[in-house]
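K.L.:
Let's see this in three dimensions:
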Amino acid sequence: MKKRLLALLLCLSTLMLMQGCSITKVLDKDMDMLVSAEEPETTPDDVYKIPQKDDADTEIETADTEPIPLMFGNDKEVTYVRPDGTVEGKYEIPEYSTIIGFDGFTVYYYVYDAYYDGPEKEVLCSYDVKTKSEKEICRIEFGSFMTYYDGKIWFLSTNGGTFYKEFYADVNTGEIKENTEISDVLEKYSARHDYDYKVCSQRSFDEAGYILLYDTDRTYMYDKDAIVALSLPKDISETVYWDETSVFVNTVSDYDGMSTLLRYDIKDATTTVVSEKYQGTLAVYDREFFWYEREKESNGETKYHVYYMDLNTFETGEAVTMKRTPGTSEYFNAIATFTPCENGYFYAECDYGKIVWCHTLKSLGGAGATEKIATDPIREHKWKEIGSVQAVYNESYCANCGKKVEEYYEEYFVLNSDLSPYAKEINDALYAVCMSNGEHYAATDPYIPAEDDECEFHGTYMGMSSYEHTLFDAKIIKDHYLTVDMDGYMYMGGAHGLPFTGHYLFDLNTGKEVTMADLFDGTEEQFKELIATKVKEHFLSFEDPEYSPYYAADADEVYDSAYEGAAFDLVPIGFNEDGLYIDYQPYQMGPYAAGFIDIDISYDDINLKWD
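P.N.:
So this is what the prediction gives:
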């Protein structure tokens, strides 16, 4: 259950920078932070302790040619492979950390240390996968847009002032320095150096010969001799890549996350359209620029079409098509795994309960079919052993303006018929409850606007509502009970949508759904007291109430709040073989930013009437 909270906290950090292969990927840019070069005074209780890796990590063998590091989705699992697709080994970085980059066999990442008694809460770390040795490089206070290049970790900061400044930390010594040359330029022109593509100033000068600067509404090119304003469209959202000949930008995205990708020719000062269905930049490798477009199908499959542009000839083509199938969306960002290399492309593909690394070889001389090599499964979902997952996808369009205004995606679990004589009844019940959750969105009839001016918002992010309900897990516990756990996300307008979960328990011997009122051996009053006590204990497990995920500020208030909402049919509860867990939704007991609040309860601590 920790994955749900982790997905909310780190949902913008699934893409990465891969320097070992000269690969750059877009990362999040959501922090506005400050740096301090002073070494803090620490005590053993204050300092972040680098976790010790166990022997379960696969051993990395030394070889003359270093393998390629691949990043597996949101799970922070780094897999090392040979160019022929052979898996060399893997390593998992600690929870609540974010990868900054790679340098051969060294992984650089940072951890936010909320409990550190001091301002320097960002801990920059490295891990050598050959020796399995981890070390702390240094601590900084609020560094943003972190990237690895040339033996240094680069980042921006306001340093307590108005303008951004650029800093770097030496990964060997931990020494932090300000890049005063760039900081002075940023302050002089009241601008921000463009880190959108995670390129520090040094790398931008080395590879493109200039850096890009932003002020409120213009983009400038600075080559250390002069600063020149570029004639870019005014509706651009961000700069996604630049080199000595071109600047690639995209327009503000529409309701479906799509935008127009444009290439600006520096010499001619002209702009051409590259893609009208652009979803995001993936990489630049060996003078090829990669981006992707997304296609959803009515059976629930999602296809990701990866395209490239040759930066010498500006010709385009399709590199590979990836897919994600129903039941495999459990916090796995498939498109983030795409990695080009010398002889092809690596990526992780989801196929009905199984996720594998794939390696597509480039066709030689432009002729012949590509060859796809699949490794042993990275992960196989356990639900595949007892059933399958089906899905429904619908869209609704406005009857007046013709633009898409509603999107609906629903998965539902189907139990194998040989596991219960009541499999059909159980499957019908699961289908009905899943469909009823998004009943409003399931209609395919044209949408009729309630107000005349409503169409002004259609075609924009805020002008479309959506509903997504996906399988998290399905398993059999206690010999003959089927438990199905669902995740969901609903958007009805505003700054963000609302994530939610659902848990269903069926008796395979009767085909009936089992509720907590059926299971609990006691009164509802006793149940309320038990739940409130467990929630209070969870609150008290936090050393400082300021860092707890609850609205309430003291233990008694938490107890009262949990007690009031602890009726049999109100507490969201999931079941495992050895215990159950309370799964409070955002806003139920704490703010949206706190995510899901999960509390484990052993069956030893609660009286349940299992048959």
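K.L.:
going forward, measure contacts and count neighbours with C-alpha atoms only.
P.N.:
Will do.
K.L.:
who's in contact with residue 308?
P.N.:
Shown in contact with residue 308 (C-alpha atoms under 8 Å, 6 or more residues apart in numbering): 288-291, 316-319.
K.L.:
ok, the closest residue in space to residue 165 that isn't next to it in sequence - how many residues close by?
P.N.:
In this structure, residue 165 finds its nearest non-sequential neighbour in residue 183, 4.5 Å apart by C-alpha to C-alpha, 6 or more residues apart in numbering. When neighbours are defined as other C-alpha atoms under 10 Å, residue 183 has 21 of them.
K.L.:
Now do the contacts for residue 278.
P.N.:
Contacts of residue 278 (C-alpha under 8 Å, 6+ apart): 250, 258-261, 291-293.
K.L.:
Now for those residues, which sits with the most neighbours around it?
P.N.:
Counting neighbours by other C-alpha under 10 Å, residue 250 leads these with 26 neighbours.
K.L.:
Tell me the confidence at the nearest residue to that one once chain neighbours are set aside?
P.N.:
Using C-alpha to C-alpha, 6+ apart and skipping the chain neighbours, the partner closest in space to residue 250 is residue 261 (4.4 Å). pLDDT, residue 261: 94.
K.L.:
Can you pull the phi/psi pair for residue 261?
P.N.:
phi -90, psi 130 (degrees, to the nearest 10).
K.L.:
Then residue 171?
P.N.:
Dihedral angles of residue 171 (phi, psi; degrees, to the nearest 10) stand at phi -70, psi -20.
K.L.:
wait, it sits on residue 152?
P.N.:
Yes - in this structure, residue 171 is within contact of residue 152 by C-alpha atoms under 8 Å, at 5.5 Å.
K.L.:
Now that the residue nearest to residue 250 has come up, it's in contact with residue 241, right?
P.N.:
No - using C-alpha under 8 Å, residue 261 is not in contact with residue 241; the gap is 10.8 Å.
K.L.:
got any residues that touch both of those two?
P.N.:
What both residue 261 and residue 241 touch, as defined by C-alpha under 8 Å, 6+ apart, is the set 248-249.
K.L.:
before we move on, the earlier item: among the contacts of residue 308, who's most crowded?
P.N.:
Neighbour-wise, the contacts of residue 308 (other C-alpha under 10 Å) top out at residue 290, 24 neighbours.
K.L.:
Just list whatever residues bridge to it.
P.N.:
In this entry, residue 290 is beta-bridged to residue 283, residue 308, by DSSP bridges.
K.L.:
now residue 238
P.N.:
Here residue 238, judged by DSSP bridges, has bridge partners residue 250.
K.L.:
Against residue 260, how distant is it?
P.N.:
Distance, residue 238 to residue 260, by C-alpha to C-alpha, to the nearest Å: 11 Å.
K.L.:
Quick check: neighbours shared by these two?
P.N.:
With C-alpha under 8 Å, 6+ apart as the test, residue 238 and residue 260 both reach 250-251.
K.L.:
The residue nearest to residue 165: what secondary structure?
P.N.:
helix (DSSP: H, G, I helix; E, B strand; the rest coil).
K.L.:
list the contacts for it?
P.N.:
164-166.
K.L.:
what's the spacing between it and residue 166?
P.N.:
Counting by C-alpha to C-alpha, the gap from residue 183 to residue 166 is 6 Å.
K.L.:
Same question for residue 397.
P.N.:
47 Å.
K.L.:
With neighbour numbers in mind, choose between these two.
P.N.:
residue 166 (26 against 19).
K.L.:
Surely that one forms part of a strand?
P.N.:
Yes - using three-state DSSP, the assignment for residue 166 is a strand.
K.L.:
The residue nearest to it when sequence neighbours are not counted sits in which helix or strand?
P.N.:
Excluding its sequence neighbours, the residue lying closest to residue 166 (C-alpha to C-alpha, 6+ apart) is residue 156, at 4.6 Å. Assigned by DSSP states H and E, residue 156 belongs to strand 152-157.
K.L.:
The residue lying closest to residue 251 once chain neighbours are set aside: how many residues sit nearby?
P.N.:
Closest residue to residue 251 apart from its sequence neighbours, by C-alpha to C-alpha, 6+ apart: residue 236 at 4.1 Å. Counted with other C-alpha under 10 Å, the neighbours of residue 236 add up to 17.
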